[in-house]
Each structure stands twice: as C-alpha cells, then as structure tokens.
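> Give me coordinates for this.
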Amino acid sequence: MNETGRIQAENLTKRFRQVQAVRGINLDIAPGEIYGLIGPDGAGKTTTIRMLAGVMKPTAGIARVSGFDTSKQAENLRAQVGYMAQRFSLYGDLSVRENMEFYADIFGVRGAEREPRLQRLLRFARLETFQERDAGVLSGGMKKKLGLACALIHRPKILFLDEPTNGVDPISRREFWDILSDLHIEGVTIFISTAYMDEAERCSRVGLMYQGAIIRQGTPSELRQLVRGELLAIIADDLARAETLLVPLPGVLEVQAYGDRLHVFVDTATQRTPEIEHALRAAGIGITQIRATTPHLQETFISLVTHQTATGN
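Numbers count the residues shown, from 1 in each chain. Predicted coordinates:
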C-alpha cells in the first residue's frame, strides 16, 4: 500500500517538564486532504505540527508521515515534507529570488529543472515583479507567499503550515488560499493550523484542539451538526442584561455573546422566538432583530469547548 502523502498519529504525546502540551492525539489523514487544526493559543497546535513534521520528537506515541516514522526516520521526510513555521524565518537581507535559490541549494534542486521550477513558483506565488526586492521589506502577505514558495521548492507531497495567514490582510489571505486550492487540486496533502474559522470552513476535515487534545474532528458540515438545538441571532439593547435574562428561560440551551449580538441556542426556534421576544420586551429591553440562523464553526467550537469544560468529556 502506497503511504505517500498520508499522515498518521497514534497516541501522540508531548510533555515539557510538568506541562503536557499534547495529550495522546490520533490522526489518519488521507493523501490529498486539507486538514485544518483549530484552537485557542496554547492548545498545542504548533507542538503537534512540529512533531508531525519531524522537527520535534514526541514524548510518547508515534507519528508516520508518508510511511516514515517521524522520530526514527526524520531525514527521510525531507524530500516529502514542506514546513512553514508561524514566524517569518527567511533571510531579510536577501532578495526574494536569493531566498528561493538558497532553499533550492538546501534541497538539492539543480540542473536543468532548477530555473523552470524557480520561475514557476515565482508566478505561482505572484512574486515575479518582486524577485529582486529584499525579503525584509516585503509586506506581510508577500512574506507569507515567499515562505510558501520556499517550502515548495522541492515539490513536497505534504505541506505543514502553522497559522500561515496570521496577521495578514484579507486580500492576501484570499490570495494565499487560492494558491493552496491549486496545490490541493494537484494532490498535495495540506495540514494547516489556523485561527480563522472561515479558513477552517475550506478544509476537507477539521480537528478542534483544546488543552492539548483533539476533542472532535470531522468535515465542517459534520462538526456543525454537533451543536445542540437551533440558533437564534438577537440584536438588542443592554446585551449583558439580556444574556442574564435569557439563560434560565425554558428551551434555552446556551447563550453566546458576539459583539453587538447574542447567539442563543434553543430547542425549537419557532416556539421559543416569540417567548424570548416577549420576555425581553417585558423587561424593557429593546429588540432590533431576532432571527433564526445557521451556526458556523465558530459557534460550534465555542459550544463544544463550553461543554468540554463543564463536563470534562
């Protein structure tokens, strides 16, 4: 069986002295998938990626990437894996092209294939007109695309990307994901951690990570179906008082605050909408809007983490 492009983990664990950063995670990611790992800061996402990429050894458990044991056969992974760390790690005093040539040298990309590959990646990353510019003066979005181009120089079968669009403007984020979509079509396996729920929606499957454990994983559609009840979005005066009022009402399962509105999970939207509206108006709280809506991954994640914290399951 050809394992090229496959990512597997069994009871993968990492401890730093008394801190257990990753708690026995299990993964089986098929070749060509886009797998998104989402969770708050400190959840263990970066540590997980480093172990899978062969950069860090686990305390316990095993990871196999393209069939190679990441602890014992890390050198064999070099030709298979592209790894892009969260922080910009290229050379700021070298030009775009010089950085790419440096990585081509590291991965032994020489001969007749070298120049066509460099040119293709410059076009692919939309950096052709910036190839003589020093990397240190590039915009945040361009730095990310240059990092991706360098990670792709040896044509890896698997890409590990640690929050690659963090701090990047929306247009650059969209361009970055356009490039990832093209790689996905080419059959590259992409393992990406992200803080953006709209990016997680674009993944084949998603893992929700909290306190070192993957508490749920599945397609975005499967995960959205895990939340209890139906969702109402409510814009009203004095949200803090409205939230306090709504929590104990019959049929209200959960209340989440989102900026200028409340997201209220109820057992039946058609029945509870008029009851909630009546309760708010009776308390003198003005209502701008109350409507049924579809939960996104963000609401799902918060709901699952809240339940995890309350029950420990």
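> buried set for the worst-scoring helix or strand of the chain on mean pLDDT?
The helix or strand of the chain with the lowest confidence, counting by mean pLDDT, DSSP states H and E, is helix 297-311 at a mean of 78. Of all the residues in helix 297-311, those buried under the rule 16 or more other CB atoms under 10 Å are 297-305, 307-308. Every residue, glycine included, has its C-beta placed from N, CA and C.
> And for stretch 219-230?
The neighbour-count criterion (16+ other CB under 10 Å) identifies 220, 223-224, 227, 229-230 as the buried residues of stretch 219-230.
> separation between F102 and L122?
Distance, F102 to L122, using CB to CB, to the nearest Å: 15 Å.
> Neighbour count for those two, which is higher?
Between F102 and L122, counted using other CB atoms under 10 Å, L122 has the larger neighbour count: 20 against 14.
> In contact with the more buried one, which residues?
Counting by CB atoms under 8 Å, 6 or more residues apart in numbering, L122 touches 96-97, 100, 128, 131, 149.
> Quick check: next helix or strand after the helix or strand harbouring D178?
D178 is part of helix 170-185, with elements assigned from DSSP states H and E. Per DSSP H and E, the first helix or strand lying C-terminal to helix 170-185 is strand 189-194.
> elements contacting that next one?
For strand 189-194, the elements it packs on are strand 34-38, helix 45-52, strand 158-162, helix 170-185, judged by 3 or more CB pairs under 8 Å, 6 or more residues apart in numbering; DSSP states H and E.
> which residues in the stretch 151-300 of the chain form helices?
Ranges of helices in the stretch 151-300 of the chain, per DSSP state H, counting those that start in this stretch, are 170-185, 197-200, 220-224, 239-246, 269-282, 297-311.
> Dump these to a markdown table, plus distance to K145.
Written out in a markdown table, the entries for the helices of the stretch 151-300 of the chain read as follows (distance: least, CB to CB, whole Å):
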| stretch | distance to K145 |
| --- | --- |
| helix 170-185 | 6 |
| helix 197-200 | 16 |
| helix 220-224 | 25 |
| helix 239-246 | 40 |
| helix 269-282 | 43 |
| helix 297-311 | 25 |
